[in-house]
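> Just a sequence and a predicted model for now, questions to come.
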Amino acid sequence: VGYAEMASAVSNAGGLGILTALTQATPEDLRKEILRCRSMTDKPFGVNLTILPSLIPADYDGFAKIIAEEKVAMVEITGANPAKYVPIMHANGVTKVLHKSANLRHALKAEKAGVDLIEIVGYEASIAGGQPGDEIGLWVTLTLALEKIKTVPIIASGASATGRQLAAALAMGACGITMATRFLATKEAPIHPNIKKVLVDADEKSTTIVLSKLSNSTRVFKNSISEKIRAIEFDPKNLEGGLDFQQVASLVSGKRTKKMWQETGDYDDSMWACGQSVGLIHDIPSCRDLLTRIVNEAEIQLELVAKRVMKRKISRL
């Protein structure tokens, strides 16, 4: 989904759109996609580099090299310690290196590695690569990070889709929010319209966690495929002897998901990432209309908070 169409639409609407490196077959294909995105927007955009070598064999160093050479506005690194890539990015003019951290431990390592931004992810998000013990929501994880990390700005990530949530994050001390699932249900999202309708019709109970038995917890849309994966994971034989990834490989295939996004629109025939914010999706606006609405709602909520605080101060006089 993280193609030029989506990234440019978000950036043109006033956000920071993100390309996903691993949607491209090779590093050179990523370069082409970056150039294509530049032809569609004159605004800044970033690139996500998800590093999961045990599950997704890829030329990660090659992808990082292209990101650095193309001097994108920001690189979002997740799934691994960013220390190896921070100097490379900074030396080549990528001024913002963001680490997507699933817990406080990872965030503290990222701070030490010299990243410019830290994205704190709650368990309610469309997580991938979650480890045992990471089952903590954003409300707690964000608070811990804001208490402990003083040198790096923090972004809140976890089932965000509304201005109320943006206001709450800002009030807590974060510098902003990220959204993923919410952008799927926009006019510009390059996915099959059937999936957009499924997102609108879903509720907050429409997700589940898979691959936890492989120490790679991933939140996905609840469908027959995710239920099959969970049945294999929690089969008593696998609980005793350990789960082999090959037992679920065909079900979690990225090719299968790509076919759903772009061709069939059959939401029930693949595993696909989805956060609990799906329960907050009620329409399919343009990216610009969505971001305008979120900002306006956040401003209203923050003004209400300011009035309440002022009223309390006046009552004390």
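Thanks, I have it.

> which residues does residue 78 contact?
48, 49, 50, 51, 99, 100, 128, 129 (C-beta atoms under 8 Å, 6 or more residues apart in numbering). In this view, the C-beta of every residue, glycine as well, is placed from N, C-alpha and C.

> Narrow the residues you listed to those in helices?
Among the contacts of residue 78, no member falls in helices (DSSP state H).

> Out of the residues you listed, which two sit at the greatest distance?
99 and 128 (14.6 Å; C-beta to C-beta).

> Look at these two and report which has more neighbours.
Legend: neighbour count by other C-beta atoms under 10 Å for residue 99 and residue 128, higher for residue 99 (29 against 21).

> contacting residues for the more buried one?
76, 77, 78, 82, 106, 107, 110, 113, 115, 117, 118, 119.

> Could you tell me the phi and psi values at residue 218?
phi -130, psi 130 (degrees, to the nearest 10).

> Please apply the same query to residue 210.
Per degrees, to the nearest 10, the backbone of residue 210 is at phi -120, psi 170.

> Which helix or which strand is home to the closest residue to it other than its chain neighbours?
Distances taken as C-beta to C-beta, 6 or more residues apart in numbering place residue 229 nearest to residue 210, at 4.5 Å, with adjacent residues excluded. Assessed by DSSP states H and E, residue 229 sits inside helix 224-233.

> count of residues packed around residue 206?
16.

> Quick check: the gap between it and residue 159.
For residue 206, the distance to residue 159 equals 12 Å [C-beta to C-beta, to the nearest Å].

> Out of the contacts of residue 99, who's the most crowded?
residue 77 (29 neighbours).

> For residue 74, which residues are in contact?
Here residue 74 is in contact with 16, 44, 45, 46, 47, 94, 95, 96, 97, 98, 117 (C-beta under 8 Å, 6+ apart).

> cutoff 7 Å now
Taking C-beta atoms under 7 Å, 6 or more residues apart in numbering as the criterion, residue 74 is in contact with 16, 46, 96, 98.

> what sits opposite it in the beta ladder?
residue 46, residue 96 (DSSP bridges).

> Which pLDDT does the model give it?
Looking at residue 74, its pLDDT reads 98.

> For the helix or strand harbouring residue 200, give me every contacting residue.
Using DSSP H and E, residue 200 falls within helix 193-201. Helix 193-201 has contacts (C-beta under 7 Å, 6+ apart) with 184, 185, 189, 261, 265, 267, 278, 281, 282, 283, 284.

> can you give me the strands for this structure?
Per DSSP state E, the chain carries strands over the ranges 17-20, 45-50, 74-78, 96-101, 117-121, 154-157, 176-177, 207-210, 218-221.

> Need the ones you listed in a markdown table (columns: distance to residue 304).
Converted to a markdown table, the strands of the chain look like this (distance: least, C-beta to C-beta, whole Å):
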| stretch | distance to residue 304 |
| --- | --- |
| strand 17-20 | 30 |
| strand 45-50 | 32 |
| strand 74-78 | 32 |
| strand 96-101 | 30 |
| strand 117-121 | 25 |
| strand 154-157 | 20 |
| strand 176-177 | 19 |
| strand 207-210 | 30 |
| strand 218-221 | 31 |
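
> For residue 301, find the nearest of those strands.
Closest approach to residue 301 among the strands of the chain is made by strand 176-177 (13.1 Å; C-beta to C-beta).

> Describe which strands that closest one pairs with in its sheet and in which direction.
strand 154-157 (parallel).

> So what touches the partner strand?
100, 117-122, 125, 138, 142, 145-146, 169, 174-178.

> who touches the nearest residue to residue 296 once chain neighbours are set aside in this structure?
Ranked by C-beta to C-beta, 6+ apart and with sequence neighbours excluded, the top spatial neighbour of residue 296 is residue 163, at 6.6 Å. By C-beta under 7 Å, 6+ apart, the contact list for residue 163 reads 293, 294, 295, 296, 297, 298, 301.
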